[in-house]
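[1] what would the 3D arrangement of this be:
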Amino acid sequence: MKLLVKNAGALLTAASSGKPKIGIEMEDLGIIKNGAVLVENGVIVDVGKTEDFRDVQVDEVVDAKGRVVMPGFVDAHTHLIFAGTREKEVTLKIQGLSYMEILKQGMGILSTVRRTREESMEALVADGVSRVREMLEHGTTTLEAKSGYGLEKNTEIKILKAIKRTAEETGLDIVPTFLGAHAVPPEFLGAGDKYVEEVIRMLPDVKEHAKFCDVFCEKGVFEIEQSRAILEAAGKMGFALKIHADEFTQLGGAELAAALHATSADHLLMAGERGLAAMRDAGTIAVLLPATPFTSFVNSYPDARKMIALGLPVALATDFNPNAYCMSMQFVLSLAVYKMKMLPAEAINAATINAAFAIGMGERVGSIERGKQADMLVLDVQNHEQIPYFIARNSVALVIKKGKVVVRRGER
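    Residues are numbered from 1 along each chain as shown. This next block holds a predicted model:
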């Protein structure tokens, strides 16, 4: 099966040198004017200008008609599988309650945990499939998904199995992460250290279901040494590591991520320069989640400009969860540009190639290069700067996943 995508007004390849982009590299989208991509059996076999493929025989042609073609978005941080919603907490936030105050009152994560423990596997998968299809409509072709709404072994495994079934039913690449250390459950209230021991005991049983192990490292949740204990144990068992770091306080999560050579540290609103520099030196990617402060009524955002200036690779993600119910990477790009002052090109690279490396998929997806999986978008925009400029608009015209058109939204 051969597919030719042709007549791209701007083909954004996001090509890299085999590693995440840093510094000035993040401004380079590898744009080919009047570009074309040749795909065979779901794999990109050639990239160039449309005139170079005039005589090629193919089974299907996608005419981009001068629009932008780019890699599918890679959402590097989601909490995909959970039961219920928490819209009532919006009012509490308006009334002045913080995320941590809501959590301490037994709401927030803990209310979702209660509902998820009771939910059937079939219902969790049905919700997961519905959400992933909406993400796909908005251009996400690969994502990471965490457990963390079980906080006990059987439900954590149920969530991880639901992630796998969602991937099978939708055809998307979904990278599973074990986040048993998302909060201390009610049955361990006041006994955080004992729950840390319980999470470590879960690791052998969840290993076959998850690639990464993550911890919500935050004051009042899992302190530095508790987080270290879980992540070190996970690393010894072969998990790749992630960490929710320095979101509300400068606790030292960035430094811990660097010390353990975590693949990524995520959030980082309060991370200091020393921790960020340590992450850079360790090769740890910063995954920034601007929809989270946006939905939490927080007026500060991660300092993306400082991170890029330091030479730290930056990725973007939605942090889709009941507290930040955002499925659109296009909206995340707008927040990155308007709230974190990232250049449009930087934001696009952060949401594609760098995000792919942040979930261990950089050799397979995230850019339009020979030998990579053919995950591409045709966007109804005139240039790449319009992608974040059109706020809360879905500019996707076509989505191609593994060389097949899976979403066809047409033209405006």
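
[2] pLDDT at the residue of the chain most remote from its centre, what is it?
    Most distant from the centre of the chain: residue 55, at 38.9 Å, with distances by CA atoms, centre = their mean. At residue 55, the model reports a pLDDT of 91.

[3] which SS class is it?
    When classified by DSSP: H, G, I helix; E, B strand; the rest coil, residue 55 comes out as coil.

[4] helices or strands next to the helix or strand of the chain with the lowest mean pLDDT in the packing?
    When the helices and strands of the chain are compared on mean pLDDT, DSSP states H and E, helix 99-104 comes out lowest with a mean of 79. Packing partners of helix 99-104 (3 or more CB pairs under 8 Å, 6 or more residues apart in numbering; DSSP states H and E): helix 88-94. Bear in mind the C-beta positions are built from the backbone N, C-alpha and C, glycine included.

[5] report the distance from the helix it packs on to the chain centre.
    Remark: helix 88-94 is offset 25 Å from the chain centroid, using CA atoms, centre = their mean, to the nearest Å.

[6] now stretch 334-344
    When distances are taken as CA atoms, centre = their mean, stretch 334-344 is centred 17 Å away from the chain's centroid.

[7] repeat that for stretch 215-223.
    21 Å.

[8] go on, stretch 388-407?
    17 Å.

[9] against residue 289, how distant is the residue nearest the centre of the chain?
    The chain has residue 76 as the residue nearest its centroid, 1.8 Å off, counting by CA atoms, centre = their mean. Counting by CB to CB, to the nearest Å, the gap from residue 76 to residue 289 is 9 Å.

[10] quick one on the thing from earlier: what sits up against the least confident helix or strand of the chain?
    89, 92-93, 108-110, 183, 218, 220-221, 248, 296, 323 (CB atoms under 8 Å, 6 or more residues apart in numbering).

[11] list buried residues within those.
    Buried subset of the contacts of helix 99-104 (neighbour count, 16 or more other CB atoms under 10 Å): 89, 92-93, 108-110, 183, 218, 221, 248, 296, 323.

[12] quick one on the thing from earlier: how about the contacts of helix 99-104 in TSV, adding distance to residue 231 and secondary structure?
    Output for the contacts of helix 99-104, formatted as TSV (distance: CB to CB, whole Å; DSSP: H, G, I helix; E, B strand; the rest coil):
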residue	distance to residue 231	secondary structure
89	29	helix
92	32	helix
93	30	helix
108	23	coil
109	19	helix
110	23	helix
183	17	coil
218	14	coil
220	18	coil
221	14	coil
248	19	coil
296	25	coil
323	23	coil
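
[13] let me have those in CSV, extended by distance to residue 397.
    As requested, the contacts of helix 99-104 are exported to CSV (distance: CB to CB, whole Å):
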residue, distance to residue 397
89, 35
92, 39
93, 36
108, 38
109, 37
110, 41
183, 41
218, 40
220, 45
221, 42
248, 39
296, 33
323, 31
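
[14] want to try JSON lines for these, with distance to residue 284 and pLDDT as columns?
    Below are those laid out as JSON lines (distance: CB to CB, whole Å; pLDDT from 0 to 100):
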{"residue": "89", "distance to residue 284": "31", "pLDDT": "89"}
{"residue": "92", "distance to residue 284": "34", "pLDDT": "88"}
{"residue": "93", "distance to residue 284": "31", "pLDDT": "88"}
{"residue": "108", "distance to residue 284": "27", "pLDDT": "84"}
{"residue": "109", "distance to residue 284": "25", "pLDDT": "86"}
{"residue": "110", "distance to residue 284": "29", "pLDDT": "89"}
{"residue": "183", "distance to residue 284": "24", "pLDDT": "94"}
{"residue": "218", "distance to residue 284": "18", "pLDDT": "96"}
{"residue": "220", "distance to residue 284": "24", "pLDDT": "90"}
{"residue": "221", "distance to residue 284": "20", "pLDDT": "94"}
{"residue": "248", "distance to residue 284": "20", "pLDDT": "93"}
{"residue": "296", "distance to residue 284": "24", "pLDDT": "91"}
{"residue": "323", "distance to residue 284": "24", "pLDDT": "93"}
